[in-house]
Every structure is written in structure tokens, then in C-alpha cells.
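Engineer: I need the structure of the sequence given here:
(one chain, ligands or ions: 1)
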Amino acid sequence: MLLDRYGSEALKTRYLDGLTTTDMTRLTQGAQFMTEKEGGSDVGRLTTRAVPEGDHWRLYGDKWFCSNADADIAMLLARPDGAPDGTRGVGLFLMPRRLDDGSPNHYRIIRLKEKLGTRSMASGEIRFDGAIAYHVGRIDRGFVQMAEMVNWSRLSNGVKSTALMRRSMHDAMTVAHGRIVFGRRIADHPLSRRQLLKLMLPLEQALSLCLVTADALERAEQQGSQEAAALVRILTPVLKYRSTRDARKMCGDALEMRGGIGYVEEFANARLLRDAHLGSIWEGTGNIVALDALGRAVRRHGAEAALADDLHARISAAAVVPQAYRERLKRLVDQAIGFARSVAENDAAEADARRATSALYHVASAVSLAWEAAQVHDRRGDARRLLLSRLVLDHRLAVGGPFAPMAGATEDRIAGLLLSGRPVSIAEAAEIATA
Ligand SMILES: Cc1cc2nc3c(=O)[nH]c(=O)nc-3n(C[C@H](O)[C@H](O)[C@H](O)COP(=O)(O)OP(=O)(O)OC[C@H]3O[C@@H](n4cnc5c(N)ncnc54)[C@H](O)[C@@H]3O)c2cc1C
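Structural biologist: Here you go, the predicted structure:
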């Protein structure tokens, strides 16, 4: 994406086909190296030097966390000699693994990381000893250009977290419906039913917002829609922040639902749990991404206005959803947007950035699930996603104390319907949503 958008014609001719082909015999793999010991979140502190030499540059220094370390091509950040400190002085470079004559480029993988998860992909520490690289785009805009790619990767983190949760859910449901304990299927015990709902909810929230964000990205890229671009700007960090956090907990709880066998490496669960923990670290830790959502997307770009417009439009479009429920959603949208604005505009409220980002996520997913219920109802008469929307309100946005009962007749009806997998009519879903 970076090469396509910012690379010179010469670089594109040389490398783009290999990076984008679906022919596995010609495919060349890519990587991105930003993090250094001095700064992962604080990238502006990086110290790798770039020195011009003829039509290329030479790199000197160390990168500390390089995934896909043996990739054919790496896009990386380095500071040209004499450039200012901070992110403004950083340039974007393409570094091939091999030089034109086939010899290895001048860098070494010093050490591979012993990691908690993602063990099938090597991450290493790399030292540049005059490695040859080519600059990409404007030399003083390297960080800004790389940040565009990072935003796409953050969306992919949302997709990955959703996929990890989906597989975990599948395994938990299989066991809960197949195994008999104390004379009944696991899924028939009240406490298990509630726990299965709590597994299902973050998964479906994440799936819903992945699709809303991806759709906005497509409209922004294909049709040049400014509103869609603003929507992507805010939804991407909101999705990355919350879905990666939820995946860590959900994959662990789904493992537990299988009992002891979930802990055994012969099955996927242990790996899913380990891999889930990475999502909230790379491409920006939870704090950094929440600060991006509030401090940049809201405060600097005012992107929350596009989100508010989009959510209100979805509520209006979901005409089959009862008016009372839609009014409730509208109020929650306005409250979440107001909270996000107040946190973004007030330096003293920075410590609330994570809560405000979560509030945006939960409200946006409650709306998108209700909107999807209307869409799916129109196509095939199934409004079960409205029940998930209602669960978001009860589990994620309700203000209850530690002694307030949450389980009850309404939730048990929802559990029965959602765990059965059968379609739910709009009449039944509407009655439950407004109960
Ligand atoms: C498996 C794996 C693969 C990776 N692959 C790559 C890769 O391919 N390329 C690459 O460039 N990097 C990669 N990374 C590095 C990753 O992007 C960084 O580790 C991450 O950005 C955090 O940077 P850091 O480790 O320097 O932590 P720090 O930036 O030191 O953060 C430490 C803690 O401080 C918090 N913090 C930092 N700033 C603030 C703030 N302003 N306010 C509040 N809290 C703050 C963070 O949230 C975090 O909790 C990888 C990491 C892992 C674990």
C-alpha cells in the first residue's frame, strides 16, 4: 500500500508485482520495521541513521522488534543525517533483503525473540551495517506516510481478534452442546448459558464493527467519500482498542468452557489465547490507541461528528426496530459522543481515554447490531441481532452496582434463542428488546 501510494515509478516497477501477486512462485514477502529500544510507542525517539549515497541510502543502527524478520522487502523508518528530532525528522525507506547481484544486503538478524505467542512467525532484532535502502515518498513525511499503513494494520488487528474469538466460540459451543454434566448438556445449565452469552457478545460486537469499518474504508478509498474517511479515522482505533482487549479475555474464558482439555496443546485454544494477547500490543498498545482515538481522531480531526451522523442514520434506517428502542439508542449515541468530546477537550481527563473509547465502541456496536437486525430481517426474516444489541445495553452500558441482579427472565429468553441458532422473528425480538 505504501509503495503503491508513495513509491517512485522505478521502485514500483521493481517490487510491486512481487509483493501483490497471488502466484506463490513469484510472491515476495514484506515487513515493517519501526520499533527501536528507545521507542516503540514514542517512535520519534528512533536513532537509526540514513546516509545518502548516489541513488540510494545507507542505514546504520538497530531495530528491536522486527516481525517476519527474513522478509524479502522491509519498509522502515530511519532519520536522515541532519534531519530534526522527533517524528518530523523521520523518513520512510524500502530495504531489500538481497542486492541487485543477488548478494545479501548489509544487515544481520542478531537474535530471534522467544515470544508468548505468534511463534510460527519469526520476530528478530536487526542491526544495519550500511544496508542499502531507497526512500519512499517525501523524505520529511516518513512518519505520516507510515501512519496510514498502521491504520490499515489496526483494522486488520480487529479482524484477527474477531477471527480468534470466532474459533474460540465454535469450540466452546461444540463442547457446551455435546457434553453431559450433572444429567444435562453444559449449555442447559443457567450459569453456562449466561457464560456462553458473555462469550458470544464481544465476538458479535467485534464482527459487526469490523464490517462497518471495512465498508467505510471501501467507500473512502473507492469513492473518495470524506465522511467515510472520517468514519474510518475514528472507528479504526476504537475497534483496535476494544476488540483486541475483549479477545484476550474471551479466548481465555472460551478455553475454560472446554474444561481441562482446553488447556492442552493438542487443541487450538491455548494458541488462540496466546496469540490474542498480541493484538493489544503491536501496532499501538491499548493506551496509545485510546489516546489516538480521543486525542487525534476526536480532538484534532473532529471525526466523532461523522460517527454520530452515521449512527443516527443507521438508527433511522432500522425502521422495523421499535421506536422506543431506537430512541434509547439515539440518547446513548449522544451521551457517548458527548463523553468522548469532554475527555478529548480536557487535558486533565486524559486518564479517562480508555473508558471513553470503550463507550464509543459499545454504543456503535449496539447501533450497528440493531441496524443489521433490520437488514437481515428484510432479507430472510431473522432479527436475532437485535437481541445482541439489547445485550450490549445490558452488559456493557447499564449502570448497575455489584449487588444488582443481572440474570433474569429476559436474559434467559435471549440465551435460549441465541444459543439455539434458529431464526428469530422481528416481533419476538422487538418485544424482548423493549422488555
Ligand atoms: C510479537 C511482537 C511483534 C512485533 N513486531 C513488530 C514489527 O514487526 N515491527 C515493529 O516496528 N514493531 C513490532 N513490535 C513492537 C511493538 O509495536 C511495540 O512493542 C509496541 O509499539 C510498544 O512499544 P514498546 O515495546 O517500546 O513499549 P513502550 O512504548 O515503552 O510502552 C510501555 C508501556 O507504556 C505505555 N505508554 C507509552 N506511552 C504512553 C502514553 N503516552 N500514555 C500512557 N501510556 C503510555 C504503553 O501503553 C505500554 O503499556 C512487535 C511487538 C511484539 C510483541
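
Engineer: in which helix or strand would I find the residue positioned nearest the centre of the chain?
Structural biologist: Nearest residue to the geometric centre of the chain (CA atoms, centre = their mean): residue 158, 2.5 Å. If you go by DSSP states H and E, residue 158 is part of helix 142-178.

Engineer: Likewise for residue 335?
Structural biologist: helix 323-345.

Engineer: And whichever helix or strand comes after that helix, what's buried?
Structural biologist: As assigned by DSSP H and E, the chain's next helix or strand after helix 323-345 is helix 353-380. Judged by neighbour count (16 or more other CB atoms under 10 Å), helix 353-380 contains these buried residues: 353-354, 356-374, 376-377. In this view, the C-beta of every residue, glycine as well, is placed from N, C-alpha and C.

Engineer: Need the phi and psi values for the residue in the chain positioned nearest to the ligand.
Structural biologist: At 1.9 Å from the ligand, residue 40 is the closest residue in the chain, using CB to the nearest ligand atom. Main-chain dihedrals, residue 40, degrees, to the nearest 10: phi -110, psi -60.

Engineer: for the residue nearest to it when sequence neighbours are not counted, helix, strand, or coil?
Structural biologist: Of all residues not flanking residue 40 in the chain, residue 65 sits nearest, at 6.9 Å (CB to CB, 6 or more residues apart in numbering). For residue 65, the assignment made with DSSP: H, G, I helix; E, B strand; the rest coil gives strand.

Engineer: Contact partners for residue 65?
Structural biologist: Going by CB atoms under 8 Å, 6 or more residues apart in numbering, residue 65 touches 35, 40, 113, 123, 125, 282.

Engineer: And for residue 369?
Structural biologist: For residue 369, the contacting residues are 204-205, 208, 385-386, 388-389, 392, by CB under 8 Å, 6+ apart.

Engineer: ok, now residue 134?
Structural biologist: Contacts of residue 134 by CB under 8 Å, 6+ apart are 8, 11, 55-57, 93-95.

Engineer: per-residue confidence at the residue nearest to residue 40?
Structural biologist: At residue 65, the model reports a pLDDT of 97.

Engineer: what does residue 149 give?
Structural biologist: Here, the pLDDT recorded for residue 149 equals 89.

Engineer: same check, this time on the one 10 residues further on
Structural biologist: Reported pLDDT at residue 159 in the predicted model: 98.

Engineer: Residue 210 is in contact with that one, correct?
Structural biologist: Yes - at 5.3 Å, residue 159 counts as touching residue 210 under the criterion of CB atoms under 8 Å.

Engineer: ok so, going back, now for the helix holding residue 335, which elements pack on it?
Structural biologist: If you count contacts as 3 or more CB pairs under 8 Å, 6 or more residues apart in numbering; DSSP states H and E, helix 323-345 packs onto helix 304-317, helix 353-380, helix 384-391.

Engineer: can you give me the angle the second one makes with helix 384-391?
Structural biologist: Angle of helix 353-380 versus helix 384-391, following axes from the mean of the first three to the mean of the last three CA atoms, to 10 degrees, is 160 degrees.

Engineer: do helix 353-380 and the ligand meet at all?
Structural biologist: No - Helix 353-380 stays clear of the ligand (CB under 6 Å from any ligand atom), getting no nearer than 8.6 Å.

Engineer: what angle separates that helix from helix 304-317?
Structural biologist: Interaxial angle, helix 353-380 versus helix 304-317 (the same axes, to 10 degrees): 30 degrees.

Engineer: ditto for the shortest one
Structural biologist: Here helix 384-391 points in a direction 130 degrees away from that of helix 304-317 (the same axes, to 10 degrees).
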